[in-house]
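>>> one predicted model, sequence on top.
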Amino acid sequence: MRKRIMFLGLLAALIPMVGNAQAPHGKPQDAGVSVVIPEREIFANGVANAANWEPYTTAFGDGTLALATNTEIEGDDSGVTERAVVAFFTSDNNVVETAGFFTDAGNPWTINNDSARTNGNPPRIAGDKRPGGTKYVLGNEASPWDPESASLFPFFNTNPFVYAFQVAVVQLLNKVNNQPVPIGKVLDPINGKLTTGFQSDQMRFGGEIRALSNGNYVAVVDNRDDNFNGLRSVPFAILDGNTGNVVVGPLDANQAPIDPGANTGIWSNLAAFNGGFAVRCDSNSNSIDFFDNSGNPLGTWDRTLRRTAYTDPLPPANGMNTSIVDNGGGGGRIDSHIASNFIYVAGKGVDANDAPNAGVYLTKINAQTRQTVKEAFVSDGFTAIPDRINVCSDKDDNVFVCWSDTSNTGKRQIIGRAFNSNLDPITDAFLTFENSDIGPGEVTGFAIKHPSCSMVNGRILVTGRIDNDAGGVPSLSLEQNAHYAIVLQLPGSTSVENWNKMH
């Protein structure tokens, strides 16, 4: 591969329009990766999406992949409303676009979901990854207390606790014949048990949701309301997998704060492993806190930075070292699978030129011992310009890392690379969308950013957001700020799910 990279570097010097030391492959097939659902726009309605909307993804134990995102209500040609929606990417490679939340009466919530912050953060979705699993929890910022919606959600209309801002709500549903069927009600997992007082500030899904290995779900929230502990905080609650009701919490996810009195937030960075889950808060991004399925603290992985120069050795096992230096906000992510005893952290570190935030790294951590196991240099062989790094894994501990990057065309593109359980590369780095980079020496293709990814059996859903730039792809007729998705299959993998959940 290094000879190929050297050739590409020479080619870049001879042809100015080619990115300097760009990713080795311009589309998935060139890296040996199959495209099983071609790239496509999701929820195209001819109306420009708001600035903060982008898809977030999940996987199910029955082989389905899914995304959740925001779009406008039907008939809104001005783009001033918001509602959560879900798309299923089935195991037989069909795409089904569906409603998001359902009212207490069991009907889709089709009117404006959030009058408090219409341009809210993206929804989150968590599928049951147990064999054959079809249940899921959807979460989003919403205002079910608003007069227009209050009659649809009586709890928010009658509870003495007074709501005044957007709420991070969740709902348990089941996927039946690739259509959503509500199980639980839309509820507030953090302040929902309060019967006095009032909401003092916003709740945001800068947080995340994951299905646990015992069938329950955990939701963490970026809580700017002071009813939980008087600070901006990251509380979590555990939801019953049969009813959707809160059975544990809310409890504080920040178990090892730098300053016990510090405010903290979160953006994604929740992982569910075999027997528990892990959380990385923004203000304490040096640490990852581990909990069992009942929410009891297990311990902390407290990053000890070692690799500050590319010539340093990679962090050894049996420690808490890593090359990753960014926090969880606009930086990297963590993920795992409920059949795995490991979690994976992807983020920025030093590159071969010792640039502090130009390399992309993947660190493997033992969730039982909270010790670093191994690390991979994901962007080895080319100069990356990474942003919004994301990661996902499957039951076999195959791991996929992707991020948006301007190194190929000067526009943000999404680059991906896959690794096996030993963090040996399965593929070289490649542009994940076929139309990303049309041809050698041409600055073409669209600009796409904010990737999300999920994987089941080596089958990967990659999503992103295209802002007003279809580039040199005349066949694409995209609306403003389009949601975009593709499903890939790693070489040597199969779409058949067959595993026994570990105890």
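Cool, the structure landed.
>>> what's the separation between the spatially closest residue to Ile42 that is not a sequence neighbour and Ala358?
With CB to CB, 6 or more residues apart in numbering as the criterion, Ile42 has its nearest non-adjacent residue at 4.4 Å, and that residue is His483. Where C-beta positions appear, they are placed from N, C-alpha and C, glycine not excepted. Taking CB to CB, to the nearest Å as the measure, His483 falls 29 Å from Ala358.
>>> between the two, who's got more neighbours?
More crowded of His483 and Ala358, by other CB atoms under 10 Å: His483, with 26 against 19.
>>> surely that one meets Asn49?
Yes: the pair His483 / Asn49 is scored as a contact, 6.9 Å apart, by CB atoms under 8 Å.
>>> okay, and the common contacts of the two?
71, 465 (CB atoms under 8 Å, 6 or more residues apart in numbering).
>>> burial count for Ser294?
12.
>>> leaving out chain neighbours, which residue sits closest to it?
Residue nearest to Ser294 in three dimensions, not counting chain neighbours: Val248, with 6.2 Å by CB to CB, 6+ apart.
>>> Ser151 now?
Nearest to Ser151 is Asn157, by CB to CB, 6+ apart, at 6.6 Å.
>>> that neighbour: what secondary structure?
The assignment at Asn157 comes out as helix when based on DSSP: H, G, I helix; E, B strand; the rest coil.
>>> wait, Ala339 touches Lys395, no?
Yes: Ala339 is in contact with Lys395 according to CB under 8 Å; the separation is 4.3 Å.
>>> what are the phi and psi values for the spatially closest residue to Thr196 that is not a sequence neighbour?
If you skip the residues right next to it in sequence, Thr196 has Pro160 as its closest partner in space, 5.9 Å away by CB to CB, 6+ apart. Main-chain dihedrals, Pro160, degrees, to the nearest 10: phi -60, psi -20.
>>> and the gap between Pro160 and Thr195?
Using CB to CB, we find Pro160 at a distance of 5 Å from Thr195.
>>> likewise Phe446?
Applying CB to CB to Phe446 and Thr195 gives a distance of 51 Å.
>>> and the closest residue to Glu434 other than its chain neighbours, what does it touch?
Distances taken as CB to CB, 6+ apart put Lys27 closest to Glu434, at 4.8 Å, once the chain neighbours are dropped. For Lys27, the contact set (CB under 8 Å, 6+ apart) comprises 430-431, 433-434, 436-437.
>>> again, 7 Å this time
Contact analysis of Lys27 by CB atoms under 7 Å, 6 or more residues apart in numbering lists 430-431, 434, 436.
>>> just the buried subset of those, written out for ChimeraX, thanks.
Entered in ChimeraX, the line below selects the buried ones among the contacts of Lys27, by 16 or more other CB atoms under 10 Å:
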select :430,431,434,436
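>>> sorry, back to before: how close does the residue nearest to Thr196 get to Phe198?
Pro160 is 10 Å from Phe198, by CB to CB.
>>> so for the two, which residue has more residues nearby?
Phe198 (13 against 9).
>>> tell me what that one is bridged to.
Val162 (DSSP bridges).
>>> model confidence score at it, please.
For Phe198, the model assigns a pLDDT of 94.
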